[in-house]
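Enquirer: dropping the sequence and predicted coords here.
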Amino acid sequence: MAASEALFDAVRGLTERDLVVALVCGGGSALLPAPPEGLTLAEEQALNRALLASGAPIGVMNAIRKHASRIKGGRLAAACAPARVVSLIVSDVPGDDPAQVASGPTVPDAVDARAALAMIEAWKIALPETVLAHIRSAASAAPDPRDPVFARNEVHVIASARISLEAAAARAGAQGVPAVILSDAIEGEARDVGRVHAALAREVACRNRPFVAPVVMLSGGETTVTLRGDGGRGGRNTEFLLAFAQAVDGLEGIHALAADTDGIDGTEDNAGAFADGTSAGRLRASGHDAMTALARNDAWGAFDQLGDLFIPGPTGTNVNDFRAILVRPEGHG
Ligand SMILES: O=C(O)C(=O)CO
């Protein structure tokens, strides 16, 4: 809250001769709480918790967050008026819509409260009654992007998943491994997305289609985890990998890395982990199993047990999930 206030202080009393340069990256939604009048920080925190546990994609979460904030949804840019605002965006959202990054403090968008309420219902998001009442009230309305206060503002996406995947593909190519980019905007339940990636890897490994091995398949985006277990530790990338490991159990020549580019995946200090066709078997041999770990959302526990966590530490930037799946020709385990 102090950070949000400091931003408002910094832009108070600007004139039309002023220029505000806003560098915005993911994580801003959580780092800039500013409950609107009538709501408390505890209520904004409860909203945040409910959103994170719901499995809703980031576009849905942030559309809702913008209806319970004094700073999100372009409100910070509105507070800069009549100064000009140039937003430089490091995008961590699938599709790179700048209004979604950090819930767009300087980039207004057109989602209205009715749409936000429909999302709350569709995703069965359990919100405190006070928060719901606020969203239903006229006070939740975010500024209209067509408002003349935004007329001179500019927005530039300066880093994104697309750019990181293209860089990774070039790097793999330079090392003699052909790379394909599946998509930079994959969303969905982490374990389901993991199984689909595993099916693709199997198809390449067993039938050399749709790509011929050796190949590294790259993908990005942001998966989500619906919390089922109690007391499990982990994040979406390790959960993705645990389902992946189970689905390629026993297959040789398939190696995967899944990690959050900010260096921290979920609740612990790892960015992600490594998995291959031996992971599930090694887990069984140590008296654990992938299925039970998945049921508890304890992917961190599983990869910690295997010694296969990937821990580079915080990277200082965030273009969301990064996955690389290498399939080598048969006999090159
Ligand atoms: O809203 C956020 O803070 C995100 O991480 C997505 O940009």
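Expert: The structure has been received and is ready for your questions.
Enquirer: what separation do you get for residue 45 and the ligand?
Expert: 14 Å (C-beta to the nearest ligand atom, to the nearest Å). Yep, even glycine has a C-beta here, placed from its N, CA and C like the rest.
Enquirer: three-state assignment of that residue?
Expert: helix (DSSP: H, G, I helix; E, B strand; the rest coil).
Enquirer: tell me the pLDDT at the residue nearest to residue 38 when sequence neighbours are not counted?
Expert: Computed as C-beta to C-beta, 6 or more residues apart in numbering, the closest residue to residue 38 that is not its neighbour in sequence is residue 134, at 6.2 Å. The model reports residue 134 with a pLDDT of 97.
Enquirer: following element in sequence after the helix or strand hosting residue 120, please.
Expert: For residue 120, the enclosing helix or strand under DSSP states H and E is helix 113-122. The helix or strand immediately downstream of helix 113-122 is helix 129-136, counting by DSSP H and E.
Enquirer: how about the strands in this protein?
Expert: 19-25, 84-90, 154-159, 179-189, 215-224, 254-260, 272-276, 309-310, 321-327 (DSSP state E).
Enquirer: hmm, the residue nearest to residue 38 is touching residue 68, no?
Expert: Yes. Using C-beta atoms under 8 Å, residue 134 is in contact with residue 68, at 5.8 Å.
Enquirer: with neighbour numbers in mind, choose between those two.
Expert: residue 68 (26 against 22; other C-beta atoms under 10 Å).
Enquirer: tell me who's in contact with the more buried one.
Expert: The contact partners of residue 68, taken as C-beta atoms under 8 Å, 6 or more residues apart in numbering, are 35-36, 39, 43-44, 47, 131, 134-135, 140.
Enquirer: contact residues of the stretch 201-333 of the chain facing the ligand?
Expert: Contact residues (C-beta under 6 Å from any ligand atom) of the stretch 201-333 of the chain with the ligand: there are none.
Enquirer: try it again with 8 Å
Expert: 222, 318 (C-beta under 8 Å from any ligand atom).
Enquirer: what residue in the stretch 201-333 of the chain comes nearest to the ligand?
Expert: In the stretch 201-333 of the chain, the residue found nearest to the ligand is residue 318; the distance is 7.1 Å by C-beta to the nearest ligand atom.
Enquirer: got a list of what that residue touches?
Expert: 25-27, 90, 92, 260-262.
Enquirer: again, only this time at 7 Å
Expert: By C-beta atoms under 7 Å, 6 or more residues apart in numbering, the contact set of residue 318 is 25-27, 90, 92, 261-262.
Enquirer: tell me which two in those are the farthest apart.
Expert: Maximum pairwise distance among those (C-beta to C-beta): 11.7 Å, between 27 and 261.
Enquirer: the more surrounded of these two?
Expert: The neighbour count for residue 27 versus residue 261, taken as other C-beta under 10 Å, is higher for residue 261 (24 against 15).
Enquirer: residues contacting the more buried one?
Expert: 164, 315, 317-320, 322.
Enquirer: how near is the residue nearest to residue 38 to the ligand?
Expert: Residue 134 is 19 Å from the ligand, by C-beta to the nearest ligand atom.
Enquirer: now swap in residue 183 and tell me
Expert: For residue 183, the distance to the ligand - C-beta to the nearest ligand atom - is 18 Å.
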